[in-house]
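*Asks:* Sequence first, then the predicted structure, then my questions.
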Amino acid sequence: MTENFLQRRVIKPLVKLLRQGVTPEKLALSLALSATLAVIPAFGWSVWLCGLAGLAFGLNLPAMQAVNYFLYPAQVALLLPFFRLGEKLFRTPHLPLSISQIVSMAHANLWVAIKLLWNTTWHAVVVWALLAPFAIGLIYFVLLPIFRKAVKRQTAASPAVEASVA
């Protein structure tokens, strides 16, 4: 079942994009940027950042937004580690919060939650911004050979399919 899900929801759509003329380089950059932007420790920003980056670099917006959507749980999971690294970097006092407390604060009064978490959030965003270029590079250079290999397989398979049809 896992292979079927991955095949249907991840691999086939990516191969379809490659068949539509998206280059492996553009697709790898789209996914690397969107994966990194998706985990910014500030809720609500990732959609806009992915859209702006996609438009600025002429990347695949649907693929970027799909990655952003699928990585929402990772954004939530990485929120506290980014908060803690921000506290260490800026040498600020530890703010003893859990994800459930942050969610409760936001549900109770969003504006008060924003004001209380403002410093912690921007410290976390600075840490994220320092780490983001390395993450983009790593993801890009891992995905690029995979996508190039997929293009080679697809182009090698195309003449065989066309020959058998003719």
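*Replies:* Thanks, I have it. Keep in mind it's a predicted model, so treat the numbers as computed, not measured.
*Asks:* close enough to count as contact, S34 and Q65?
*Replies:* Yes: taking Cβ atoms under 8 Å as the contact criterion, S34 and Q65 are neighbours in contact, 7.4 Å apart. C-beta coordinates here come from the backbone N, C-alpha and C atoms, glycine included.
*Asks:* Those two: who's more crowded?
*Replies:* Ranked by neighbour count (other Cβ atoms under 10 Å), S34 and Q65 place S34 first, with 29 against 17.
*Asks:* Give me the phi and psi angles of that one.
*Replies:* Main-chain torsions, S34, degrees, to the nearest 10: phi -70, psi -40.
*Asks:* For the remainder of this discussion, apply numbering that starts at 16.
*Replies:* In the new count, where the first residue is 16, that last one comes out as S49.
*Asks:* Could you measure from it over to W60?
*Replies:* For S49, the distance to W60 (Cβ to Cβ, to the nearest Å) stands at 13 Å.
*Asks:* same question, R168
*Replies:* With distances taken as Cβ to Cβ, R168 is found 37 Å from W60.
*Asks:* now swap in W137 and tell me
*Replies:* In this structure, W137 and W60 are 12 Å apart, going by Cβ to Cβ.
*Asks:* swap in G69?
*Replies:* For G69, the distance to W60 under the criterion Cβ to Cβ works out to 14 Å.
*Asks:* Compare these two and say which is more crowded by neighbours.
*Replies:* Ranked by neighbour count (other Cβ under 10 Å), G69 and W60 place G69 first, with 21 against 14.
*Asks:* Quick check: that one vs W63, distance?
*Replies:* In this structure, G69 and W63 are 11 Å apart, going by Cβ to Cβ.
*Asks:* could you say what helices and strands the helix or strand where H138 lies packs with?
*Replies:* With elements delineated by DSSP states H and E, H138 resides in helix 125-180, which encompasses its position. For helix 125-180, the elements it packs on are helix 27-34, helix 39-53, helix 87-105, helix 114-123, judged by 3 or more Cβ pairs under 8 Å, 6 or more residues apart in numbering; DSSP states H and E.
*Asks:* The last one: how far from the chain's middle?
*Replies:* Averaging C-alpha positions (Cα atoms, centre = their mean, to the nearest Å) puts helix 114-123 24 Å from its chain's average.
*Asks:* re the thing from before, show the average pLDDT along the helix holding H138.
*Replies:* For helix 125-180, mean pLDDT is 86.
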